[in-house]
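Visitor: Here is the input, now give the coordinates:
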Amino acid sequence: MGSLTLAQGRMFGALYESMLFGINLILFGIVVYLQLFTKGQKITTTQQLRLAAVVIVFLMCAAHLAAVYRGLYLAFFVSSVSPNVFFLDHTQPVDLTQKAVYAVATLFADGLLINRAFVIFSGKWIVIIFPLMSLVSTIALWIVLIRAYHNSAPGTILFPDPVNHLAVAAFAMSFITNLIITIMIAVRIFLAMRRSRAIGLSTSFYRRFLAYSIESGLLYPVVLLITAGFFATGNNGLEILSGSNTQVLGIVPLLLSLQLRMNLSAYDNATAAPISGINTGQSRSATRTLQFASDRRTAETDLDVVEMGGKSRVAAVRLDQTNSGSAGSEQNSSTVGSDFKRGEGSELDV
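Guide: Here you go, the predicted structure:
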C-alpha cells in the first residue's frame, strides 16, 4: 500500500467503510428489533437511553459514509483540479463534515462504554471521573482540530502545521480514553470471573472471549493502534483506515448492546448471586444462580441464618438491585441441615 496515491486511498477506504457499514446496519437492525419488538420484556429507562445513544451513533456512521461518497463525487466529477489535489484541501465542507461527525460519534460511543463501566463498578462516580475528563479533553481537541483544518491553507500537504500536532494529540487522547475504559472493564470482568470460579462455577472460553473482546470494548483501541502505525509511517494506506474508524466506533456499542440484551454478559452472569445447595442429610447439593437483567448492577446477597437446636434455617435473601424497581425479596425455606456445600453440584457455564 506504499504506492497508493491519496485518491486511491480514499477510494479503497470508501469501499472498506461500505463493508463495515453493512455490518453496522445488520447489527443495528437486530438491536432495534430486540429492543422494540420482543414480547414480554419491558424496556427500562436505562435501555431506552442506551438505545437512543446507539441510534445517534448509527446515524453519525451513516452520515460519515454519505459524506465520503459525496467527497468522491466532487473530486472525480465536479472539481476542476485533480482528485489528489482536491483531497489535500481540508477546508472543503464535505471534509470538515466527516471530522465533525466522527467527533460526535466518539462522544456517544465512548459515553456508552463509560456508562457500562459505571454500572459494573456499582455506581461509583469516582471510578469514572478520569475517563470522563479524558473524553471531554478528546472532544475539545477534535473541536480545535476541526477549526485548525478550516483555517489551514488549501492544497498543501496532508497534515500541515499546526494540524499535524493537533491530529496526533486528538487521536492520542481518543486512544487513551478507550484504553482506560477497556482496562477498567476488563479487570473488573477478570476479578468477577475469578470469584465465580472460586465458588465452583466455571466460565466457558466462549464467554471469556466475548467478555474481553466485546464487553470491554477492546476492538476500537486495537483499530486506533493500527491506524497510528500507518500515521507514523506516512503511508497513504492511512486513508483506507482513518475514515472506516467511524464505522468501527459504531459497531462496538452495537455489539455491547446486543450482548447485554441477549443476557450474554460474562460480568453479569459471573456476579449473579450464587445460592449454594444445602446438605439435606442425603449428600445432595446443587448450585443455583440468580440471573438478572443486563442493565442491573451486581446483586448483593445476604443470608441470615438462624440457629434452631443444632439446625439452621435460611431466614431471608435480600437482593440489592439499584436499577430494578423492587427493594428485594424474601424467601423462607424449611428447616434443613446447617452444613453448606459448595462446588459439589453441577457446574454452570456463566
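Visitor: make it CA atoms for all contacts and neighbour counts henceforth
Guide: Noted.
Visitor: Okay, and I128 sits in which element?
Guide: helix 125-151 (DSSP states H and E).
Visitor: Which helix or strand lies directly C-terminal to that helix?
Guide: Heading C-terminal from helix 125-151 (DSSP H and E), you reach helix 163-198.
Visitor: who does that next one touch, helix- and strand-wise?
Guide: Of the remaining helices and strands, those touching helix 163-198 by 3 or more Cα pairs under 8 Å, 6 or more residues apart in numbering; DSSP states H and E are helix 93-120, helix 125-151, helix 219-233, helix 266-270.
Visitor: what's the pLDDT at the residue lying closest to P154 once chain neighbours are set aside?
Guide: If you skip the residues right next to it in sequence, P154 has D89 as its closest partner in space, 4.3 Å away by Cα to Cα, 6 or more residues apart in numbering. pLDDT, the model's per-residue confidence, is 86 for D89.
Visitor: Give the burial count for D89, as a bare number.
Guide: 19 (other Cα atoms under 10 Å).
Visitor: Pull out the buried residues from the host helix or strand of I30.
Guide: I30 belongs to helix 6-37 when assigned by DSSP H and E. Burial within helix 6-37, assessed by neighbour count using 16 or more other Cα atoms under 10 Å, is assigned to 6-18, 20-21, 24-25, 27-28, 31-32, 35.
Visitor: Span of stretch 67-80 from start to end?
Guide: 19 Å (Cα to Cα, to the nearest Å).
Visitor: Tell me which residues of that stretch come out buried.
Guide: Neighbour-count burial for stretch 67-80 flags A67, V68, Y69, G71, L72, L74, A75 (criterion: 16+ other Cα under 10 Å).
Visitor: Which residue is the nearest non-sequential neighbour of the fourth one?
Guide: Distance criterion Cα to Cα, 6+ apart; nearest residue to G71, sequence neighbours excluded, is V94 at 6.1 Å.
Visitor: and if you look at the second one?
Guide: Closest residue to V68 in three dimensions, ignoring its sequence neighbours and counting by Cα to Cα, 6+ apart: A14, at 6.6 Å.
Visitor: Next: the last one.
Guide: If you skip the residues right next to it in sequence, A75 has P83 as its closest partner in space, 4.8 Å away by Cα to Cα, 6+ apart.
Visitor: And for that neighbour, the neighbour number?
Guide: 22.
Visitor: can you tell me which residues contact it?
Guide: Taking Cα atoms under 8 Å, 6 or more residues apart in numbering as the definition of contact, the neighbours of P83 are A7, A75, F76.
Visitor: Repeat that for S79.
Guide: By Cα under 8 Å, 6+ apart, the contact list for S79 reads F86.
Visitor: Which pLDDT value goes with it?
Guide: Residue-level confidence at S79 comes out at 91, pLDDT.
Visitor: What separation do you get for it and G71?
Guide: 10 Å.
Visitor: can you check A232 too?
Guide: Taking Cα to Cα as the measure, A232 and G71 are separated by 25 Å.
Visitor: Could you report the neighbour count for Q48?
Guide: Residues near Q48, counting by other Cα under 10 Å, number 13.
Visitor: per-residue confidence for it?
Guide: Looking at Q48, its pLDDT is 85.
Visitor: The helix or strand harbouring it: which residues count as buried?
Guide: Here Q48 is covered by helix 45-73, with elements defined by DSSP H and E. Of the residues in helix 45-73, 47, 50-51, 53-58, 60-62, 64-65, 67-69, 71-72 count as buried by neighbour count, 16+ other Cα under 10 Å.
Visitor: confidence score at G111?
Guide: Turning to G111, the model gives it a pLDDT of 93.
Visitor: That one: what's it in contact with?
Guide: Taking Cα under 8 Å, 6+ apart as the contact definition, G111 lies against nothing.
Visitor: I114 too?
Guide: I114 sits next to I128, P131, L132, I181 when contact means Cα under 8 Å, 6+ apart.
Visitor: Adding distance to A100, neighbour count and pLDDT, write those residues out as TSV.
Guide: Formatted as TSV, the contacts of I114 follow (distance: Cα to Cα, whole Å; neighbours: other Cα atoms under 10 Å; pLDDT from 0 to 100):
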residue	distance to A100	neighbour count	pLDDT
I128	25	19	92
P131	21	22	93
L132	20	17	94
I181	23	24	91
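Visitor: what's the residue nearest to V68 in contact with, if anything?
Guide: Contacts of A14 by Cα under 8 Å, 6+ apart are L65, V68, Y69, I240, G243, S244.
Visitor: Lowest-scoring secondary structure element of this protein by mean pLDDT?
Guide: Across the helices and strands of the chain, mean pLDDT, DSSP states H and E gives its lowest value to strand 287-289, namely a mean of 36.
Visitor: Same question for G217, what's its three-state structure.
Guide: Secondary structure state of G217, per DSSP: H, G, I helix; E, B strand; the rest coil, is coil.
Visitor: what about it, how many neighbours?
Guide: One way to gauge burial is a neighbour count; for G217, by other Cα under 10 Å, it gives 27.
Visitor: Surely it and I251 touch.
Guide: No - using Cα atoms under 8 Å, G217 and I251 do not qualify as a contacting pair, with a distance of 9.9 Å.
Visitor: Spatially, what comes nearest to L224 if we skip its sequence neighbours?
Guide: When the adjacent residues along the chain are set aside, L224 lies closest to F175, with 6.4 Å between them (Cα to Cα, 6+ apart).
Visitor: who touches that neighbour in this structure?
Guide: Listed by Cα under 8 Å, 6+ apart, the contact set of F175 reads P221, L224, L225.
Visitor: how close does the residue nearest to G71 get to A75?
Guide: Plainly put, V94 is 11 Å away from A75 if you go by Cα to Cα.
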